[in-house]
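Undergrad: coords below, sequence missing:
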């Protein structure tokens, strides 16, 4: 009776072992790769055969327009693309690619009439002869096809007391912006998508979460102690870049007064004075807007759209590289008066004002960028007297005094002509290294938008909209990025020189 009762149990265990062995040897179906191209995204299935992850040749034929021919006598398979052949042989972990032998991690496999090749076949054999760029990214299970801009972004969080440092390694280096969007911090890349590896938070009081935002951005959700952030960027090896965002927390420590002690009265508020040599606020003025379209290009491009696009890029670049506050005189397609533009800069106590425009000419061949600062000659002797007028010392609440400029609005720029000229020269030099310039690339002119600015101010004509070739450039990412990078370099140079003698004159406004 014991033998009879044990036999079914023994048979059941044997059946389990045999079933498990068969399942382990059978082809497995892991998660598919994702193929990304200008046409969109599509899955590319894989199978695991003999421990090797593989693509079906039929899927590659459809995806890349290959021609397949099977040699029934020799048992091989020939794939043809653009007149070049890839020859595969069963049992051989090498392939002939346009006459050259390349190695594969495993031989091709057959399942009935279907052929399978190792995943690496795409990069090693197909990419060298394909009609378009192909890049295999195994860790991300991606296949990029064509001119897709998809940088790799790897992030980590390093808590350090009241600061959490979020480091992004980006390969290759890609234009980007860092800006606060409501409560969040957004890191946007000028790319079609990003291949991002994002960490879980290790400093929840400062960084609640780091997550993807759309196709080409990362959102940093602040924690309950978030107060501010600052950014920096350094170049990395092999064309990579490192972006560091430091999230700073609120200070919560407080001193408890002794029992029965009367706390001292709060000191009176101090005026927010800007010390010489600092740069805290930059105002960027995208020219025109609303019904005022500005210059029109032969293909119909409007100056107002070009200036706004460049202004947005410049804002993001300055915020990311310098950590300064950047304000646009218009955020969208809105009409803004000339005096209103200067008022935005004055009311926000800007340290620099940059007005962006695109030029026009009756000569369709005219091209190149130009930089202007204000000319006082057209304003007469009164403007010159305003430029040299002494400041008036007015008392400040809480004690002391502050020098105040009392000049008419239309002469506000008079005191800053020297600094405006210095920044204009820096901007002209930086632009000349990146974009074409006109024969008279640095000029003075009586622009009304500059006259009321109570800080160093320039007007930049980024190119000629009426030149058909330059109209195309002005709408391109590459040209706009060149303009932005040149102006960022000029701002950095201007900031670094503000501590000199010429800067002191404009620091006490």
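TA: On my side now, so go ahead. Just so it is clear, the structure is predicted and the values come from calculations on it, not from any experiment.
Undergrad: which residues of the stretch 201-350 of the chain score low on pLDDT?
TA: Low-confidence segments of the stretch 201-350 of the chain (pLDDT under 70): 251-278.
Undergrad: which residues in it form helices?
TA: Under the criterion DSSP state H, counting those that start in this stretch, the stretch 201-350 of the chain contains helices at 303-322, 338-347.
Undergrad: tell me which of those is the most buried.
TA: Counting by mean count of other Cβ atoms under 10 Å, helix 303-322 has the highest mean neighbour count of the helices of the stretch 201-350 of the chain, with a mean of 22. From N, CA and C alone the C-beta is placed, and that goes for glycine too.
Undergrad: for that helix, what is the distance to the chain centroid?
TA: How far helix 303-322 lies from its chain's middle: 11 Å, per Cα atoms, centre = their mean, to the nearest Å.
Undergrad: same question, stretch 236-253
TA: A distance of 15 Å separates the centroid of the chain from that of stretch 236-253, by Cα atoms, centre = their mean.
Undergrad: and the helices of the stretch 201-350 of the chain as a markdown table, adding distance to residue 100?
TA: As requested, those are exported to a markdown table (distance: least, Cβ to Cβ, whole Å):
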| stretch | distance to residue 100 |
| --- | --- |
| helix 303-322 | 44 |
| helix 338-347 | 63 |
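Undergrad: wait, which of the ones you listed is closest to residue 474?
TA: helix 303-322 (5.0 Å; Cβ to Cβ).
Undergrad: for residue 110, give me its contacts.
TA: By Cβ atoms under 8 Å, 6 or more residues apart in numbering, the contact set of residue 110 is 90, 116.
Undergrad: roughly how far apart are the most centrally placed residue in the chain and residue 189?
TA: Centroid check for the chain by Cα atoms, centre = their mean gives residue 176 as the closest residue, at 1.0 Å. Residue 176 sits 5 Å away from residue 189, going by Cβ to Cβ, to the nearest Å.
Undergrad: joint contacts of the two?
TA: Residues touching both residue 176 and residue 189 (Cβ under 8 Å, 6+ apart) are residue 170.
Undergrad: could you report the pLDDT at the residue lying closest to residue 432 once chain neighbours are set aside?
TA: Nearest residue to residue 432 in three dimensions, chain neighbours excluded: residue 441, at 6.6 Å (Cβ to Cβ, 6 or more residues apart in numbering). Per-residue pLDDT puts residue 441 at 96.
Undergrad: okay, now the closest residue to residue 340 other than its chain neighbours: neighbour count?
TA: Residue nearest to residue 340 in three dimensions, not counting chain neighbours: residue 329, with 7.4 Å by Cβ to Cβ, 6+ apart. A count of nearby residues for residue 329, using other Cβ atoms under 10 Å, gives 24.
Undergrad: and the helices in the chain?
TA: All helices of the chain, identified by DSSP state H, fall at 2-25, 57-64, 121, 303-322, 338-347, 380-388, 417-432, 448-451, 468-474, 477-497, 501-504.
Undergrad: packing partners for the fourth one?
TA: Applying 3 or more Cβ pairs under 8 Å, 6 or more residues apart in numbering; DSSP states H and E, we find helix 303-322 packed against strand 176-181, strand 226-235, strand 281-286, strand 325-328, strand 352-359, strand 457-464, helix 477-497.
Undergrad: okay, the angle between that helix and strand 457-464?
TA: 120 degrees (axes from the mean of the first three to the mean of the last three Cα atoms, to 10 degrees).
Undergrad: quick revisit: what residues are up against the residue nearest to residue 340?
TA: Neighbour list for residue 329: 283-286, 336, 340-341, 344-345 [criterion: Cβ under 8 Å, 6+ apart].
Undergrad: and those, which two are the farthest apart?
TA: Between any two of the contacts of residue 329 (Cβ to Cβ), the greatest distance is 14.5 Å, for 284 and 340.
Undergrad: cool, thanks, talk later.
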